[in-house]
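[1] here's my sequence, what's the structure:
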Amino acid sequence: MRKVLLLIGFNLLFLNASAQTDDKSSDWHQIEKTLNLYIDGVGTSDSVKVSKSFHDSWQLKYLEDDQQLNIIKKAKYIERFNTAPHAKSSNWSGRIVFIDVTNTAAVAKVEISTSKLLFTDYFNLMKTKDGWFLVDKISTRTPHKTVEVPASKSK
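    You can find the predicted model right below:
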């Protein structure tokens with residue numbers, strides 16, 4: 001009898017651990033989907049995609065001239081997408097650098113590269129009854145380093 005109870009106990013333990021792993025994996029994939037919705041929306045100027053990734057309380061925070069902190073609310077940020085959605089430029093790319101999840105909170109780092117700038121965005125995400133949403137973003141940008149290669153001299 002003792003062996004049977006021990007066997008049942010171990011099975012329940014592994015079943016519970018497996019369910020937790022599946023939930024965490026599912027959360028990670030849902031967060032990835034939310035971040036990719038944002039990345040695709042920004043890359044194509046699709047305000048609908050960008051807006052769907054944001055919670056209503058979303059804010060962007062960034063430093064202007066490395067001094068003044070600016071805060072932009074969701075509605076004002078969405079106004080920036082005043083053109084019809086279009087294909088991504090060939091010199092534009094976006095990628096998820098990392099995602100860290102704890103229960104119903106997560107943080108993520110995203111990089112978006114244009115021909116001249118590298119934007120590094122850090123997002124706070126929250127899981128609501130409706131899914132995972134970006135709730136805050138802090139951002140910085142860095143000019144791409146360019147190297148001039150001297151032209152070869154003709155002989």
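
[2] quick check: what element follows the helix or strand bottoming out on mean pLDDT in the chain along the chain?
    Here the helix or strand of the chain ranked lowest by mean pLDDT, DSSP states H and E is helix 2-44, holding a mean of 73. For helix 2-44, the following helix or strand on the C-terminal side (DSSP states H and E) is helix 47-53.

[3] keeping just the C-alphas, turn that next one into PDB.
    Output in PDB follows, covering the C-alpha atoms of helix 47-53 (Å, rounded to 0.1, in the frame of the first residue of the first chain):
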ATOM      1  CA  SER A  47      -1.900  51.800 -36.000                       C
ATOM      2  CA  VAL A  48      -4.400  49.000 -35.400                       C
ATOM      3  CA  LYS A  49      -1.700  46.400 -34.700                       C
ATOM      4  CA  VAL A  50       0.200  48.700 -32.400                       C
ATOM      5  CA  SER A  51      -2.900  49.800 -30.600                       C
ATOM      6  CA  LYS A  52      -4.000  46.100 -30.000                       C
ATOM      7  CA  SER A  53      -0.700  45.400 -28.300                       C
END
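
[4] what does it contact?
    Residues lying outside helix 47-53 but in contact with it, judged by Cβ atoms under 8 Å, 6 or more residues apart in numbering, are 34-35, 37-38, 40-42, 74, 77-78, 81, 85, 133-134. Placement of C-beta: from N, CA and C, glycine included.

[5] one more: stretch 67-82?
    With Cβ under 8 Å, 6+ apart as the test, stretch 67-82 has contacts from 41, 45-47, 50-51, 54, 56-64.

[6] need the max-distance pair from those.
    Within these, Asp46 and Leu63 form the most distant pair, 27.0 Å apart (Cβ to Cβ).

[7] those two: which has the busier surroundings?
    Counted by other Cβ atoms under 10 Å, Asp46 and Leu63 do not tie: Asp46 has more neighbours, with 18 against 12.
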